[in-house]
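S.K.: Here's a sequence, model it:
(one chain, ligands or ions: 1)
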Amino acid sequence: MDKLVIEGGVSLNGVIAVSGSKNAALPILFASILLDAPTTFTNVPNLRDIHTTIKLLTLLGCACDFADNTVCMTPGTLTAEAPYDLVRTMRASVLCLGPLLARLGQAKVALPGGCAIGARPVDQHLKGLEKMGAHFDLDAGNIIGRCTKLHGAHITFDMPTVGGTENLLMAASLAEGETVLENAAREPEIVDLANFLISCGARISGHGTSCIRIQGVSSLGGTTYPIMPDRIEAGTFLVAAGITNGNLLVKNCPWQELEAVILKLQSMGMVLEKHPEGVLARRGEAGLRSVDVQTRPFPGFPTDMQAQLMSLMCLAKGSSLVEESIFENRFMHVSELLRMGAHIRVTGRSAMVRGVEHLTGAPVMASDLRASASLVLAGLAAHGTTHVRRIYHLDRGYENIETKLNAVGARIRREQE
Ligand code: UD1
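M.R.: Predicted coordinates for the structure are as follows:
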């Protein structure tokens, strides 16, 4: 197993580029199950979750080729089974459920099970598909879905769910008649999926709002599609500039899609400016100050940036309050930050962070993807050496992270344990 060894205390300066979005690429790749013609995806990040998706799509019958951040996908004869061995390593595998039902009228997908950041049920995906005419049974840990032909339906989600909205958006694109998704999630990755489907011939409107309308079509063709930049990776780099007191041009950093994060960082005393190639980020003269934050569905502050922001709060003047309202168990990074000298008190879904003068390097354990990123950020700022263990989580979501950070001055090396 690899670990990252970080020599902290160096300011990061220069240009750092954002890769394609993992969370946009995953559903878009799964959407190729719906297509009748070859498709090319560009700006696909080279990440473990992408390789898992490609493995799964190959098992399901698509021919995939992945090189130089480009995936060429050719549809083949589909099969309906997504096995547990792959699904358990990546929850997003459940996104093949809607497309398989729409294409084959059947699907057998292993239930993803729990994960480090909470129970994460898929009831909303299933309820929606049931309204469209599917029936589900649970057999030996697998969801078995069947339908004759999916039909349009009026579906109101109990809560805005990103994966649920994506699964139903894909299924509805090939269903008979009109589907209306109410209380739909509005995340930019959903907009990217809808735009991809539209470029293949789907009829979708209202994406990016909480009411999406889809007129089913009988088939979808192929296209060439660039995946949007990763707003969470971008946000992580903005924090890297602030936490190391550096000066970064974060290339391809989307401003609008990251506005909630940008506003928070500005309230904390960071200077963020639009630049033709992205966003310029540095700490302001007055230093970092505390701020309160509550995670919310888009356009609110993203839960995927909570851990990274908390690392920054550890070094801000005053006390910051973090409320995690999306996932019930997403403070796994706290115990590790405490090992580095942070002052944080967790009560239920809230964490009170009291800023300290400095963090100290320590051996720490990554527990999930974004928690890992927060520990890398803390390690970059800390006095001394930090060993971040179990970084396979990080490799699921950040492309070449140590290469990118080292190119702007970080001192990080990857070692085998
Ligand atoms: C996606 C992102 C993840 C991000 C999350 C929230 C991908 C691959 N992952 O995850 O990085 O942290 O959005 O922005 O894009 N829920 C239910 N029943 C359901 C579905 C969801 O109760 O059927 C609940 C969840 O437990 C959670 C909330 O709804 O409390 C939001 O989850 P959801 O938006 O579905 O997250 P994911 O799509 O799994």
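
S.K.: So stretch 155-168, near the ligand or not?
M.R.: Yes - using Cβ under 6 Å from any ligand atom, stretch 155-168 comes into contact with the ligand via 159, 161-164. (C-beta placed from N, C-alpha, C; glycine too.)

S.K.: Out of those, who's the most crowded?
M.R.: If you count neighbours using other Cβ atoms under 10 Å, the busiest of the residues of stretch 155-168 next to the ligand is residue 164, which has 28 neighbours.

S.K.: Not counting sequence-adjacent ones, nearest residue to that residue?
M.R.: Counting by Cβ to Cβ, 6 or more residues apart in numbering, residue 164 lies nearest to residue 124, which is 4.0 Å off, once chain neighbours are set aside.

S.K.: how about the helices of the stretch 101-250 of the chain, start to end?
M.R.: 123-131, 162-173, 188-199, 231-243 (DSSP state H, counting those that start in this stretch).

S.K.: Mean pLDDT added to these, as CSV?
M.R.: What follows is the helices of the stretch 101-250 of the chain, written out as CSV (pLDDT from 0 to 100):
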stretch, mean pLDDT
helix 123-131, 96
helix 162-173, 98
helix 188-199, 98
helix 231-243, 98
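
S.K.: Send me whichever strand or helix holds residue 24 as CSV with only the CA atoms.
M.R.: Element membership for residue 24 (DSSP states H and E) is helix 22-30. Output of helix 22-30 as CSV, limited to C-alpha atoms (Å, rounded to 0.1, in the frame of the first residue of the first chain):
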residue,chain,number,x,y,z
LYS,A,22,-14.5,12.5,-11.8
ASN,A,23,-18.1,13.0,-10.7
ALA,A,24,-19.1,14.1,-14.1
ALA,A,25,-17.2,11.5,-16.0
LEU,A,26,-18.7,8.5,-14.0
PRO,A,27,-22.3,9.1,-15.0
ILE,A,28,-21.4,10.2,-18.5
LEU,A,29,-19.4,7.0,-19.0
PHE,A,30,-22.3,4.9,-17.7
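
S.K.: ok, the closest residue to residue 100 other than its chain neighbours - contacts?
M.R.: Nearest non-adjacent residue to residue 100, counting by Cβ to Cβ, 6+ apart: residue 107, 3.7 Å away. By Cβ atoms under 8 Å, 6 or more residues apart in numbering, the residues touching residue 107 are 80-82, 96-97, 100-101, 143-145.

S.K.: Residue 61 too?
M.R.: Residue 61 touches 75-79, counting by Cβ under 8 Å, 6+ apart.

S.K.: Could you report the pLDDT at it?
M.R.: On pLDDT, residue 61 comes in at 95.

S.K.: Next: residue 114.
M.R.: So, for residue 114, pLDDT stands at 50.

S.K.: swap in residue 411?
M.R.: Per the predicted model, pLDDT is 98 at residue 411.

S.K.: quick one, what contacts it?
M.R.: Residue 411 neighbours (Cβ under 8 Å, 6+ apart): 6-7, 10.

S.K.: now do residue 321
M.R.: 292-293, 350-353.

S.K.: Now with 10 Å, please.
M.R.: Neighbouring residues of residue 321 by Cβ atoms under 10 Å, 6 or more residues apart in numbering: 290-294, 313, 350-353.

S.K.: Which of these fall in strands?
M.R.: Among those, the ones falling in strands (DSSP state E) are 293-294, 350-353.

S.K.: which parts of the protein sit against the ligand?
M.R.: So far as Cβ under 6 Å from any ligand atom goes, the chain lies against the ligand at 23, 26, 92, 118, 120-125, 159, 161-164, 185, 189, 302-304, 326-327.

S.K.: hmm, which of the residues you listed are the buried ones?
M.R.: Among the residues of the chain next to the ligand, those buried by neighbour count (16 or more other Cβ atoms under 10 Å) are 23, 26, 92, 120, 122, 124-125, 161-164, 185, 189, 302-304, 326-327.

S.K.: Leaving out sequence neighbours, find the closest residue to residue 40.
M.R.: Nearest to residue 40 is residue 224, by Cβ to Cβ, 6+ apart, at 4.4 Å.
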